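Participant: using only what follows, build the 3D model:
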Amino acid sequence: MFGIPGKQAVTLTPAAVKQISGLMSKKDSKGLRLGVKKGGCAGMEYTLDYVSEIDPMDEVVEQDGARVMIAPMAQMFLFGTEIDYEVSLLEAGFKFRNPNVTEACGCGESIKFDEALTPGT
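Facilitator: You can find the predicted model right below:
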């Protein structure tokens, strides 16, 4: 596993815990898998998927009944990230405060990481 022993890879705000726990119960899911993939105007995008089985290679973060699994290939990109859930007049959704991001597009859906972290560069 990637990271510092004894320190969770990501942290969840109380709003994120509430939202994730609610989603887990509605979908009878073991949690949400967080990852990154190529795409978007800045080069990478976050992914969130329901999980029915926990992959033994996933980094598992549990906080107050909410469970997030971090896909192996995403662990180095996500270490230190705080996940929040925000509701405004126009939108609601998860927000990622990620210290590894070097650029983000205007809409906040697409991100770029330091080239030293990105495979193949």
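Participant: where does the residue nearest to residue 60 when sequence neighbours are not counted fall, phi/psi-wise?
Facilitator: For residue 60, ignoring the flanking residues on the chain, the nearest one in space by CB to CB, 6 or more residues apart in numbering is residue 69 at 5.4 Å. (C-beta placed from N, C-alpha, C; glycine too.) Main-chain dihedrals, residue 69, degrees, to the nearest 10: phi -110, psi 140.
Participant: just how off-centre is the biggest helix by length in the chain within its chain?
Facilitator: Longest helix in the chain, counting residues (DSSP state H): helix 14-27. Distance of helix 14-27 from the chain centroid (CA atoms, centre = their mean, to the nearest Å) equals 14 Å.
Participant: moving C-terminal of it, what's the next helix or strand?
Facilitator: strand 31-38 (DSSP states H and E).
Participant: next one: phi and psi at residue 73?
Facilitator: Per degrees, to the nearest 10, the backbone of residue 73 is at phi -70, psi -10.
Participant: surely it touches residue 33?
Facilitator: No: counting by CB atoms under 8 Å, residue 73 stays clear of residue 33, with 11.4 Å between them.
Participant: any idea which element the residue lying farthest from the centre of the chain lies in?
Facilitator: Farthest-out residue of the chain from its mean C-alpha position, per CA atoms, centre = their mean: residue 89, at 23.5 Å. Under the criterion of DSSP H and E, residue 89 resides outside all helices and strands.
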